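Colleague: Requesting a structural model of the entry that follows:
(one chain, ligands or ions: 1)
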Amino acid sequence: MYSPLPDHPTTHDPQAPAQGLDKEEALLRLLEGHWRYLHNETVTAQLSSADRTLHSEGQFPFVAVLGCADSRVSPELIFDQGQGDLFVVRVAGNIVGSGELASIEYAVEHLGVRLVMVLGHDQCGAVKAATENADIHGPIGYLVREIAPAIALARALPGDLLANSIDENIRHSVNQLIDGSEALARRIECGDVRLIGVRYSLKTGDAEILHTRG
Ligand SMILES: [Zn+2]
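Modeller: Numbering: from 1, shown residues only. Got it, this is the predicted structure:
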């Protein structure tokens, strides 16, 4: 595991158009925004009518995010990015269903996104529920069943079950995106796209990269 946070402030103009960034440029821009967030130096601008006019002409996000729906884990805030920068799919437990998979593939294949991020977080309520209540029925039961494979792997590990389950669930979603999307897998294989699994800490605000593919 490593956390490649830049040890320097922003070196690129965060307001510059993000269209056409490759995976390395996208990651740097994302991490620079996170640096600003951690150091209380956010620059995300208020939207003007001119901005809205520009955005109405098209979208050019540079990162596709599959994140947990938790209200405290807003990707645009954590990474100090503006409207139009991130293509965000959020669902409790950052699980990969068919809608999430299709959305991420759309971002890569049709919007030209070259960095994909699975964004989980510590103290995740969805994962916690899955560790405690395997027999929940109804719609929430769907979430629990989707997270269950990660819980099963975590139970074999030493240490804290919830913390291990959260990390395994992030890894599981990373693998499911690759397994479920031939287009994404092909682009990762050829080095065109990078997929990262990240765990956000509610208390410290740190976003740690746990897994990297491509
Ligand atoms: Zn969560």
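
Colleague: Buried ones in stretch 123-130, by neighbour count?
Modeller: 124, 126-130 (16 or more other C-beta atoms under 10 Å). The way it works is simple: take the backbone N, C-alpha and C, and place the C-beta from them, glycine included.

Colleague: can I get the CA coordinates of the helix or strand bottoming out on mean pLDDT in the chain in CSV?
Modeller: Using mean pLDDT, DSSP states H and E, the weakest-scoring helix or strand in the chain turns out to be helix 49-56, at a mean of 87. Output of helix 49-56 as CSV, limited to C-alpha atoms (Å, rounded to 0.1, in the frame of the first residue of the first chain):
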residue,chain,number,x,y,z
SER,A,49,-23.9,31.6,-15.7
ALA,A,50,-21.0,31.5,-18.1
ASP,A,51,-19.9,28.2,-16.5
ARG,A,52,-23.3,26.8,-16.9
THR,A,53,-23.4,27.8,-20.6
LEU,A,54,-20.0,26.1,-21.1
HIS,A,55,-21.1,22.9,-19.4
SER,A,56,-24.3,22.8,-21.4
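
Colleague: Could you point out the helix or strand that follows that helix?
Modeller: Where DSSP states H and E defines the elements, the next helix or strand beyond helix 49-56 is strand 63-67.

Colleague: Whichever helix or strand comes after that following strand vs the ion: in contact?
Modeller: Downstream of strand 63-67, the next assigned helix or strand under DSSP H and E is helix 75-78. No - Helix 75-78 stays clear of the ion (C-beta under 5 Å from the ion), getting no nearer than 12.8 Å.

Colleague: same for helix 75-78, what does it pack against?
Modeller: When contacts are defined as 3 or more C-beta pairs under 8 Å, 6 or more residues apart in numbering; DSSP states H and E, helix 75-78 packs onto helix 23-38, strand 86-90, strand 115-121.

Colleague: count of neighbours near Asp51?
Modeller: Using other C-beta atoms under 10 Å, Asp51 has 15 other residues around it.

Colleague: just Ala156 next, same as before
Modeller: 8.

Colleague: Pretty sure Leu66 sits against Glu100.
Modeller: Yes - Leu66 is within contact range of Glu100, at 5.7 Å (criterion: C-beta atoms under 8 Å).

Colleague: max-length helix in the protein?
Modeller: Across the chain, the helix with the greatest residue count (assigned by DSSP state H) is helix 161-180.

Colleague: what pLDDT, on average, does the following helix or strand past it get?
Modeller: Remark: after helix 161-180, the chain's next helix or strand is helix 182-189, criterion DSSP H and E. Average pLDDT, helix 182-189: 98.
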